[in-house]
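1. What would the 3D arrangement of this be:
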Amino acid sequence: MRPETKKYLYDMLKACEAIFEFTEGKDFASYETDLLLRSAVERQLMIVGEAMNQAMHDEPDICDYMADAREIVNLRNVIVHGYAVVENETIWGIVQGDLPALYDQVKRVLG
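-> This is a model prediction of the structure:
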């Protein structure tokens, strides 16, 4: 794996860790009513998506061992370009249901 790709994957790990820290002890109700928390989580998800996008450009075969790589980039694009349709329930569901698995997967890929 190229050093640049490893850097992007490391950026993904750090963004996931930030989201875990931001949301620790929070529930959906507190997420939904806290603009600062929502903004912080969405910003870190944008970093995850952009890092994945850059990693895919550096090493197109990364999709072979990173499940949902395209969907990760698509989420970033929705947050950035389709911000008016971002639903809090969807983002919270991703944070609670999908992000831990992504974090573990990136850790495994990095070794």
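2. can you map out the helices along this structure?
-> Ranges of helices in the chain, per DSSP state H, are 3-23, 28-33, 35-58, 69-81, 88-93, 99-110.
3. Would you mind listing the buried residues in the first one?
-> Neighbour-count burial for helix 3-23 flags 5-6, 8-9, 11-13, 15-16, 18-19, 22-23 (criterion: 16 or more other C-beta atoms under 10 Å). Placement of C-beta: from N, CA and C, glycine included.
4. Now do it, average pLDDT.
-> Averaged over helix 3-23, pLDDT sits at 97.
5. Run through who's touching that helix.
-> 31, 37, 40-41, 44-45, 47-48, 51-52, 54-55, 58-59, 62, 95-96, 99-100, 102-103, 106-107, 109-110 (C-beta atoms under 8 Å, 6 or more residues apart in numbering).
6. likewise the third one?
-> Contacts made with helix 35-58 from outside it, assessed by C-beta under 8 Å, 6+ apart, are listed as 2, 4-5, 8-9, 11-12, 15-16, 18-19, 22-23, 26, 30-32, 62-63, 66, 69, 72-77, 79-80, 86, 88, 91, 94-95, 102.
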